[in-house]
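Peer 1: the sequence and its predicted three-dimensional model are supplied below.
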Amino acid sequence: MIPFIIILLVAGVSLFAAFKKKRPILLAVPFLSIFLYFVVEVIMFPAPILDTIKFIFNLR
């Protein structure tokens, strides 16, 4: 639940900053944070990293 709240907070802050500073590139920050969270979760999985990646991409 904590990571979800953090991602929502990052999204809110980046949305506010994007409109305040008029820089649309800041709207990419929530997507990058979700991607980073996904990478961290894959790394923390208690199996070898290559086996984990093979398992993720072999799901049907």
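Peer 2: Cool, got the structure.

Peer 1: I'd say residue 27 and residue 18 touch.
Peer 2: Yes. Using C-beta atoms under 8 Å, residue 27 is in contact with residue 18, at 5.0 Å. Heads up, the C-betas are built off the backbone N, CA and C, glycines and all.

Peer 1: count of residues packed around residue 13?
Peer 2: Neighbour count of residue 13, defined by other C-beta atoms under 10 Å: 13.

Peer 1: residue contacts, it?
Peer 2: Counting by C-beta atoms under 8 Å, 6 or more residues apart in numbering, residue 13 touches no other residue.

Peer 1: gap between it and residue 34?
Peer 2: To residue 34, residue 13 is 14 Å away according to C-beta to C-beta, to the nearest Å.

Peer 1: can you spell out which helices and strands pack onto the strand or helix carrying residue 39?
Peer 2: In the assignment (DSSP states H and E), residue 39 maps to helix 29-44. If contacts are counted by 3 or more C-beta pairs under 8 Å, 6 or more residues apart in numbering; DSSP states H and E, helix 29-44 sits against helix 2-21, helix 49-57.

Peer 1: how does it look with 6 Å?
Peer 2: The contact analysis (3 or more C-beta pairs under 6 Å, 6 or more residues apart in numbering; DSSP states H and E) places helix 29-44 against helix 2-21.

Peer 1: which of the residues in the helix it packs on are buried?
Peer 2: Within helix 2-21, the residues that qualify as buried are 10-11, 14, 18, counting by 16 or more other C-beta atoms under 10 Å.

Peer 1: closest to residue 45 among these?
Peer 2: The nearest member of the buried residues of helix 2-21 to residue 45, counting by C-beta to C-beta, is residue 10 at 22.8 Å.

Peer 1: find the nearest non-adjacent residue to the closest one, please.
Peer 2: Closest residue to residue 10 apart from its sequence neighbours, by C-beta to C-beta, 6 or more residues apart in numbering: residue 33 at 4.8 Å.

Peer 1: where does the protein dip in pLDDT?
Peer 2: By pLDDT under 70, the low-scoring segments of the chain are 60.
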